[in-house]
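>>> Mind looking at a prediction? Sequence and model below.
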Amino acid sequence: MTQTKIDSNQDKCQTCGGILRFSPDDMALKCVSCSNLEKIDIKKDVIKHIYGTDEQKTKEYNEFTKQNKVFKCSSCGSNIVLNTLEVSKTCPYCSSPCVIDKTEKIGLKPDGIIPFKFGKEKARELYKKGIKKKWFIPNVFKKTPPIDEMKGVYVPTFLFDANAFTSYSGRLGTSRTDARGRTYTSYRNISGTYKSSHKDVLVETSSKLDQITFNSINPFNIKEVVSFNSSFILGYSVEHYNQKLDVCKNLADNIMKNKIKALILSQYSYDTVASFYQKTTFSEEKYSYFIVPTYQVNYKYKDKNYTTFMNGQTGKVGSGYPKSAVKITFFVLFIIAIIVGIILAFNFS
């Protein structure tokens, strides 16, 4: 098949006029009628903005707002991005029609995108392989994982960079046990400063994926982020960000502060943290807004609806699947038996 370079706004096949859809397996646009492939212009230069500046007053942003609108699903409340060429669309989360009269402001234009790495056919295979590796899966479900519906959805995220300077103080305890089994803890005060640099701190901002669910399909390979091109989203749904930039920035700051605390404490030998105080100042703060690929798998098992997300770049299967209460109970009893055995062995030694 020949590949022809096209404009990013084109959605019609140059050979037969059919509809073009992004094909992850070919990393090109593929005609649904004649299977002709048309090349996508892929650029690696993803912009990182200085936090606190206005990035919307640009020619690219104005073009983006003309080509796309944000519609709020009247059923589940999700914000879905619709291209002006799309007459109607169903919500990728609840399957109800999401085209309503009231439109939301489009907000920031995506700086980058991690394109889907594989299509639905391979996604089904990876899902079944991934779900069978999970713990506590019911045997019947594990043998034949059901898939009622699979949808490809690009999820909104923000990426943050920053340098940090931290002053800290605290009190750490070190324990020792004497020959009679009595435990003593001695304490010492600590204080100092710590410099650190943080890069590619990822914060999801989806209305349907919380951070725990998002973490279950992490990591994404940030090195494969490319400049946003609307060709990559043809045939897929795109969710608009649910939280504003400043809210996500606060979340990223907390992630960095927790990491800084762990790095500082790793310098010391201790058993307990009696107290810890830190004051962190950030500088050279930058951000990018980009979308990442996920597959949403919907199915019913024993009259209950489930949704399991899968990483559309790596194939990693996340949480949200049914668990066997019997297997969990036996596992807990097994752990208790081991602990009791260790205690008895220690007491009679």
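Sure thing, it's come through.
>>> sec struct for the residue nearest to residue 168 when sequence neighbours are not counted, please.
Excluding its sequence neighbours, the residue lying closest to residue 168 (Cβ to Cβ, 6 or more residues apart in numbering) is residue 278, at 4.3 Å. Placement of C-beta: from N, CA and C, glycine included. Secondary structure, DSSP: H, G, I helix; E, B strand; the rest coil: residue 278 is strand.
>>> Distance check, residue 278 against residue 254.
12 Å (Cβ to Cβ, to the nearest Å).
>>> repeat for residue 123
Residue 123 sits 33 Å away from residue 254 when distances are taken as Cβ to Cβ.
>>> same check, this time on residue 111
To residue 254, residue 111 is 23 Å away according to Cβ to Cβ.
>>> now residue 332
Residue 332 sits 33 Å away from residue 254, taking Cβ to Cβ as the criterion.
>>> coming back round to it: looking at residue 111 and residue 254 now, which is surrounded by more residues?
Counted by other Cβ atoms under 10 Å, residue 111 and residue 254 do not tie: residue 111 has more neighbours, with 22 against 11.
>>> Show me what the residue lying closest to that one once chain neighbours are set aside is bridged to.
Counting by Cβ to Cβ, 6+ apart, residue 288 is the residue found nearest to residue 111 once chain neighbours are left out, at 4.4 Å. When assigned by DSSP bridges, residue 288 has beta-bridge partners residue 159.
>>> For residue 160, see how far away residue 288 is.
Distance, residue 288 to residue 160, using Cβ to Cβ: 8 Å.
>>> Looking at the two, which has the bigger crowd around it?
For residue 288 and residue 160, the more surrounded residue by other Cβ under 10 Å is residue 160, and the numbers stand at 25 against 21.
>>> Surely residue 138 touches residue 328?
No: checked against Cβ atoms under 8 Å, the pair residue 138 and residue 328 is beyond contact range at 10.8 Å.
>>> Quick one, grab the pLDDT at residue 100.
The score at residue 100 is 50. That number is its pLDDT.
>>> Is it correct that residue 271 is in contact with residue 174?
Yes: here residue 271 reaches residue 174: they are 5.5 Å apart, a contact under Cβ under 8 Å.
>>> ok, now how distant is residue 258 from residue 286?
In this structure, residue 258 and residue 286 are separated by 20 Å, where distance is defined by Cβ to Cβ.
>>> Pick out whichever of the two has more residues nearby.
With neighbours defined as other Cβ under 10 Å, residue 258 and residue 286 compare such that residue 286 has more, 14 against 10.
>>> chain center to the helix or strand harbouring that one, what's the gap?
In this structure, residue 286 sits in strand 272-301 according to DSSP states H and E. Its chain's average C-alpha position is 9 Å from that of strand 272-301, according to Cα atoms, centre = their mean, to the nearest Å.
>>> before we move on, what about stretch 167-178?
Going by Cα atoms, centre = their mean, where stretch 167-178 is centred and where its chain is centred differ by 36 Å.
>>> what sits up against that stretch?
In this structure, residues lying in contact with stretch 167-178 by Cβ atoms under 8 Å, 6 or more residues apart in numbering are 183-194, 261, 264-265, 268-279.
>>> Pull out the buried members of those.
Judged by neighbour count, with 16 or more other Cβ atoms under 10 Å as the criterion, the buried members of the contacts of stretch 167-178 are 190, 194, 261, 264, 270.
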